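In: Sequence first, then the predicted structure:
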Amino acid sequence: MLKFTHFHFAIISSALLSFTISAGVPAANAQSQQCEAESVSISRSGKIATEITFVNQRSTPVRLYWLDYSGQRKFYALIAPNKRITQSTYVTHPWVITGTKNNCLGVYYPDGQPRIVEIL
């Protein structure tokens, strides 16, 4: 049990560190750096279940993709403007948000706790 708790905190710390680093970067630059992560992101084990909610604050729809165990995009949903989708997932499974022409807007990893991502 102690090992599991340690692993859980490591993930939360990593998520907070990632947020802190990107918080000081201008928005356009942070987006391009975040999208670069897609080329090296793949889903790993499905051991720690969680959920992630995507809230589309844009005036246009966005597309939601899961990156599978090979790092390939798998389409999951079209999120209309001002709508939200809550997705069941696992801590090690990355998600990509794109515009309607599949241009990357961001790559997101779920946390050990339910997470909300606002798409601006």
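Out: Received, thanks.
In: alpha carbons only for contacts and neighbour counts from here, please
Out: Fine.
In: and the residue most central in space within the chain, how far is that from Ser41?
Out: Using CA atoms, centre = their mean, the residue of the chain that lies closest to the mean C-alpha position is Tyr108, 1.6 Å off. Separation of Tyr108 from Ser41 (CA to CA, to the nearest Å): 10 Å.
In: Which neighbours do the two have in common?
Out: Pro94 (CA atoms under 8 Å, 6 or more residues apart in numbering).
In: so Glu36 sits in a helix?
Out: Yes: using DSSP: H, G, I helix; E, B strand; the rest coil, the assignment for Glu36 is a helix.
In: Can you check the distance spanned by stretch 72-92, start to finish?
Out: 15 Å.
In: Check stretch 64-83 too.
Out: 13 Å.
In: List the buried residues of that stretch.
Out: Buried residues in stretch 64-83, defined by neighbour count with 16 or more other CA atoms under 10 Å: Leu64, Tyr65, Trp66, Leu67, Asp68, Gly71, Arg73, Leu78, Ile79, Ala80.
In: which residues touch the second one?
Out: Read it as Tyr65. Arg73, Lys74, Phe75, Tyr76, Ala77, Trp95, Val96, Ile97.
In: Including secondary structure, pLDDT and distance to Ile48, could the buried residues of stretch 64-83 go into TSV?
Out: Output for those, formatted as TSV (DSSP: H, G, I helix; E, B strand; the rest coil; pLDDT from 0 to 100; distance: CA to CA, whole Å):
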residue	secondary structure	pLDDT	distance to Ile48
Leu64	strand	97	21
Tyr65	strand	97	20
Trp66	strand	95	16
Leu67	strand	95	17
Asp68	coil	94	16
Gly71	coil	92	19
Arg73	strand	96	21
Leu78	strand	97	26
Ile79	strand	97	25
Ala80	coil	98	29
